[in-house]
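**Student:** with the sequence up front, the predicted model follows.
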Amino acid sequence: MSLRILVVEGNTAADRARHAASRGATPSQAYADVLKELAPDAVVDICCPADAGANLPEAGGLEGYDGVALTGSSLNLYDMTPEIRSQIDLARQVFASGTPVFGSCWGLQVLTTAAGGIVRRNPKGREMGFARKIVPTEAGRTHPMLAGRPIVFDAPAVHQDEVETMAPGTTLLASNGMSEVQAVEIRVGEAVAWAVQYHPEFSLAEVAAIGGAIGPRLVEEGFFEDMDALARWRADLDTLDADPANGPVAWRHGLDAQLLDAGLRRTEIANWIETMVRPARSRRGRG
């Protein structure tokens, strides 16, 4: 029997359209493609709780899934708009269902908020392109989510917000110089969530596309001297996306196999599927 995974899109319809224009797909569509590459036997559904009248699972329907994955978003938790509250409510329903859940970036922040934590604007500013020198904690070094990661690694990342106060039941698994909370496990009753502040689902081309979509802000914030410098950076990432073995370009940006190799880049999601999702299917008598 196929795995059944639900991807929860974090963006509004307007933001999804902007993402699709710059990246060629919405975040949830791109996430679903990654999940199907990692688990070819998976059937992946998408829901968009930020939309009025969204195609949300019916009451009790979440137990029909073996896993739930939450995408990134352009929203900010502390704004607490109806579009945000609906996502927090859905996250609480996921916890109540006991279905294994994974959150990337915004997904981590939504799960944290749903479990009783607090998210803020990072006083250190934006983490853009790549989260550098992520270091597993003592708990993280033996945690199955980070199995296969080295003692220090980099990962794709684009975010301005971070977890200020972890929720009860949270175990910190990794940190770096920009954000103490880079990877966590959150337990709510019998439910278990794995979540990261970075984006293991992103390709290098997606990172480049996001850079292009918010280019003027990145120049204003001092990441690039001007739009031409940004264009060169984007071109290099596109080159590496097509040819990860291009040593000179990889060296110029300090990118190693943890970023260049798609399998290594997606470590946490692959571990989640094999360690949490497939066993959930078996426990529920579907495989």
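**Tutor:** Here it is on my side, so go on. Numbers count the residues shown, from 1 in each chain.

**Student:** show me the helices in the protein, by range?
**Tutor:** Using DSSP state H, the helices assigned to the chain run over residues 13-23, 27-38, 82-97, 106-114, 138-141, 204-213, 215-220, 227-242, 247-253, 257-260, 262-265, 267-272, 278-283.

**Student:** using CSV, write out the CA atom coordinates for the second one.
**Tutor:** Listed next in CSV are the C-alpha coordinates belonging to helix 27-38 (Å, rounded to 0.1, in the frame of the first residue of the first chain):
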residue,chain,number,x,y,z
PRO,A,27,6.4,25.7,-2.2
SER,A,28,3.9,22.9,-1.6
GLN,A,29,4.2,21.6,-5.2
ALA,A,30,8.0,21.6,-4.9
TYR,A,31,7.9,20.0,-1.5
ALA,A,32,5.6,17.3,-2.8
ASP,A,33,8.0,16.6,-5.7
VAL,A,34,10.8,16.1,-3.2
LEU,A,35,8.8,13.7,-1.1
LYS,A,36,7.9,11.6,-4.1
GLU,A,37,11.5,11.5,-5.1
LEU,A,38,12.5,10.2,-1.7
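
**Student:** and it with helix 204-213, angle?
**Tutor:** Taking axes from the mean of the first three to the mean of the last three CA atoms, to 10 degrees, one finds that helix 27-38 is oriented at 170 degrees with respect to helix 204-213.

**Student:** report all helices and strands that helix 27-38 contacts.
**Tutor:** Identification of packing neighbours for helix 27-38 by 3 or more CB pairs under 8 Å, 6 or more residues apart in numbering; DSSP states H and E yields strand 3-8, helix 13-23, strand 42-47, helix 267-272. Every C-beta, even on glycine, is put in place using the N, C-alpha and C of the backbone.

**Student:** related to what we said a few turns ago, with mean pLDDT, mean neighbour count and distance to Ile5 as extra columns, can I get the helices of the chain in JSON lines?
**Tutor:** Output for the helices of the chain, formatted as JSON lines (pLDDT from 0 to 100; neighbours: other CB atoms under 10 Å; distance: least, CB to CB, whole Å):
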{"stretch": "helix 13-23", "mean pLDDT": "87", "mean neighbour count": "16", "distance to Ile5": "19"}
{"stretch": "helix 27-38", "mean pLDDT": "97", "mean neighbour count": "21", "distance to Ile5": "6"}
{"stretch": "helix 82-97", "mean pLDDT": "96", "mean neighbour count": "19", "distance to Ile5": "12"}
{"stretch": "helix 106-114", "mean pLDDT": "98", "mean neighbour count": "28", "distance to Ile5": "13"}
{"stretch": "helix 138-141", "mean pLDDT": "98", "mean neighbour count": "15", "distance to Ile5": "24"}
{"stretch": "helix 204-213", "mean pLDDT": "95", "mean neighbour count": "21", "distance to Ile5": "20"}
{"stretch": "helix 215-220", "mean pLDDT": "97", "mean neighbour count": "14", "distance to Ile5": "33"}
{"stretch": "helix 227-242", "mean pLDDT": "98", "mean neighbour count": "16", "distance to Ile5": "25"}
{"stretch": "helix 247-253", "mean pLDDT": "98", "mean neighbour count": "13", "distance to Ile5": "32"}
{"stretch": "helix 257-260", "mean pLDDT": "98", "mean neighbour count": "18", "distance to Ile5": "24"}
{"stretch": "helix 262-265", "mean pLDDT": "98", "mean neighbour count": "18", "distance to Ile5": "19"}
{"stretch": "helix 267-272", "mean pLDDT": "98", "mean neighbour count": "23", "distance to Ile5": "10"}
{"stretch": "helix 278-283", "mean pLDDT": "88", "mean neighbour count": "16", "distance to Ile5": "10"}
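
**Student:** which one of those lies nearest to Ser2?
**Tutor:** Taking CB to CB as the measure, the helices of the chain were each checked against Ser2, and helix 278-283 came out nearest at 9.0 Å.

**Student:** kindly export that closest one (C-alpha atoms) in CSV.
**Tutor:** C-alpha atoms of helix 278-283 as CSV (Å, rounded to 0.1, in the frame of the first residue of the first chain):
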residue,chain,number,x,y,z
ARG,A,278,6.8,4.3,7.3
PRO,A,279,6.4,2.9,10.8
ALA,A,280,3.3,5.0,11.3
ARG,A,281,1.8,3.3,8.2
SER,A,282,2.5,-0.1,9.7
ARG,A,283,1.1,0.8,13.1
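
**Student:** what does that helix contact?
**Tutor:** By CB atoms under 8 Å, 6 or more residues apart in numbering, the surrounding residues in contact with helix 278-283 are Met1, Leu3, Arg4, Asp66, Gly67, Thr99, Pro100, Gly287.
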